[in-house]
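Asker: coords please:
(chains A and B)
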Amino acid sequence: MKLPFHRTDAPDDNSTWQRFIAGDVDAFEQLMSMHFQGLFHYGSKFSRDKEFVKDAIQDLFLILWEKRRKLSHEVVVRPYLMASLRRLMHRSQQSRFPILDISKDNQEANFEIAFSVEQDYIEHESTIVLANKLKHLLDQLPTRQKEVIYLKFFQEMDRTQISEIMDISPQTVSNLLQIAIKQLKNYWGVTLPIFFLMHILI
Amino acid sequence: MEQYKNFGVDDFVWDPFFRQWILTPTRESNTEWNNWLAANPDCEATVAQARQLVLALRVNETNLPEREVSDTIAAAMGRIAKPAQEEEYTLPNRFYQSWWFRIAASVILLLAIGWTIRIYRTPAPQLAVTEVVPDTVKPMEPVVAMLEKVNTGSAPITIRLSDKSKITLKKGSSLRYPSTFEASQREVYLTGEAFFDISKDPERPFIVYANELVTKVLGTSFLIKAYPTSREVTVEVKTGRVSVSTRTDRLNAATRRETEGVILSPNQKVIFERNEIRMVKTLVERPAIIVSKANIPQFQFEDTPVSEAFGAIAKAYGIAILFDEELLSGCPITATLDNQPLHDKLTIICKAIEATYEIVDGQIIINSKGCKTDI
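Answerer: Numbering: from 1, shown residues only, chains lettered A, B, ... in the order given. Here you go, the predicted model:
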């Protein structure tokens, strides 16, 4: 079965990171190719400009390389890169369009994500209806909640990592998650028993 | 695992531990969940549905083409591999992208255009060289002040450069160029589509950077289409000659293939497939007659051997027409073809002699079984 792309730090990520800090050019290349698509996926949520996202990722690695002596040895690489990319993109987006006056709140509003339902995995009509309902509910979530849900459930990040990436306190992460899940379950709860019943009867 | 007994479908769908088992099962989690299911058979339907939902619900992610990824990595590697490794890396100062610069540039440009005296020139055909280079060798942003002209209107605009070259910028395209060129070369950056009419200056090659293509000319006129989102980059030659070549990545220098080159003549065109890194040579859509007006032959044939007709057409358009002279020697044609575009001329002639034609490698090839026996 085709499983969704697994997203945890590869076991040798940390050793690559240590070599990167030590100034190993091969480690630079490894790190960059290992994380490029993942970062591109994440960066694309903040801008539709493919070239801009690509440039930002390149800049990110070049900046890290320059600062490598000052970098911490103890980081979980993937969330760290995502957090840095997010900051970098927001900064340069701001300098690109200062005329639009993107305040911090507006920045947060810029997170575009498209959920989809792959029907191949579903056996019963009722479950398709359910899945579409769920997708609809996800689409309706406010942006910040969407990002938290995305990082938590589709990127398998923990609370601390999400708080670092989104630059908010862990408590805020928990709150956002709680509200989001409550909303996802709340709306859902009304229709659920009926579908569930149908499912059992079929 | 006690708490899972009372879980509904929705609880399972948003339970991290459950998701982890579904999305990235391990031997341990399989054992644990299967044991739990065996002990709680009444939860089976709920778990089955939750599993399907977890698997079906996706985030649409678009990959960057692998080629672009490797190009970007190669470009970054190129930067850090410089001997001056100890130098502080500073972000490229993309000042030309800032809004104030664009406004200032537009104002300056308008003033400059106002001062420019229109001078007409006829460009002399010159050898032009187009080569494909990986992003690695994209030059560092120049230090001289660059102007940027963005055509936001719907009509093409004309830009006259300090060397009197004339550039027609199509809508939605932009051109960056220095206010005055350096002494050694003339460099401009194109995004989108533009027609270049370059003034002759053998001392200073004119270089256009457009996506993966670097087009180098001495003095000629040609059209480049290099839209950022397009999968193709094309160069069409109107006058002069262009030599086009591909180069493999600098990083793969060890396995570098021989430079493949094609020469483009007027009315020929090269299409660079960005995904496949492949160049295709063909003809421009509507080839134009390249000889001067006084020398345009009359395309009025009366019982003319078809080889003669093809000869006249080939000469007028500067395009090679290949055919079997012996086979076609007995095929006279009678037709007046003064006003038709090239493709119509060829179609009419070919119909008359029951032949077909195709464009291969920027040349026209006539396929015929001969018509000797028919006459």
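Asker: Just give me the neighbour total for B:Pro228.
Answerer: When counting by other C-beta atoms under 10 Å in any protein chain shown, one arrives at 11 neighbours for B:Pro228. All C-beta atoms are positioned from the backbone trio N, CA, C, and that covers glycine.
Asker: In contact with it, which residues?
Answerer: Contact analysis of B:Pro228 by C-beta atoms under 8 Å, 6 or more residues apart in numbering or on different chains lists A:50-51, B:191-192, B:211.
Asker: Just put those in TSV and tack on neighbour count.
Answerer: Converted to TSV, the contacts of B:Pro228 look like this (neighbours: other C-beta atoms under 10 Å in any protein chain shown):
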residue	neighbour count
A:Lys50	17
A:Glu51	12
B:Thr191	20
B:Gly192	20
B:Asn211	19
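Asker: Just give me the closest of the residues you listed to B:Asp11.
Answerer: Within the contacts of B:Pro228, distances to B:Asp11 taken as C-beta to C-beta reach their minimum at A:Lys50, with 38.4 Å.
Asker: picking up where we left off before, state the pair within the contacts of B:Pro228 that is farthest apart.
Answerer: A:Lys50 and B:Gly192 (15.6 Å).
Asker: nearest spatial neighbour of B:Pro287, skipping sequence neighbours?
Answerer: Closest residue to B:Pro287 in three dimensions, ignoring its sequence neighbours and counting by C-beta to C-beta, 6 or more residues apart in numbering or on different chains: B:Asn267, at 4.0 Å.
Asker: ok now do that neighbour, which residues does it touch?
Answerer: For B:Asn267, the set of contacting residues under the criterion of C-beta under 8 Å, 6+ apart consists of B:237-238, B:283-284, B:287-288, B:290, B:317-319.
Asker: lowest-confidence helix or strand of chain A?
Answerer: Of all helical and strand segments in chain A, the minimum by mean pLDDT, DSSP states H and E falls on helix A:104-108, at a mean of 47.
Asker: Skip ahead from that helix and say which helix or strand is next.
Answerer: strand A:115-117 (DSSP states H and E).
Asker: how about the helix or strand just after that next one: buried residues?
Answerer: Using DSSP H and E, the helix or strand that directly follows strand A:115-117 along the chain is helix A:125-140. If you call a residue buried by 16 or more other C-beta atoms under 10 Å in any protein chain shown, then helix A:125-140 has these buried ones: A:126-128, A:130-131, A:133-135, A:137-138.
Asker: What lies in contact with the helix or strand following helix A:125-140?
Answerer: Using DSSP H and E, the helix or strand that follows helix A:125-140 in sequence is helix A:143-149. The set of residues that contact helix A:143-149 without belonging to it, under C-beta under 8 Å, 6+ apart, is A:45, A:108-111, A:113, A:138, A:141, A:162, A:166, A:173, A:176-177, A:179-181, A:183-184.
Asker: Those also near chain B: which ones?
Answerer: The overlap between the contacts of helix A:143-149 and the neighbours of chain B (C-beta under 8 Å from any C-beta of the partner chain) comes to A:113, A:138, A:181, A:184.
Asker: confidence score at the closest residue to chain A within the stretch 201-350 of chain B?
Answerer: For the stretch 201-350 of chain B and chain A, the shortest gap (C-beta to the nearest C-beta) falls at B:Pro228, measuring 6.1 Å. The predicted structure scores B:Pro228 at 82 on the pLDDT scale.
Asker: What separation is there between it and B:Asn211?
Answerer: Computed as C-beta to C-beta, to the nearest Å, the B:Pro228 to B:Asn211 distance reads 7 Å.
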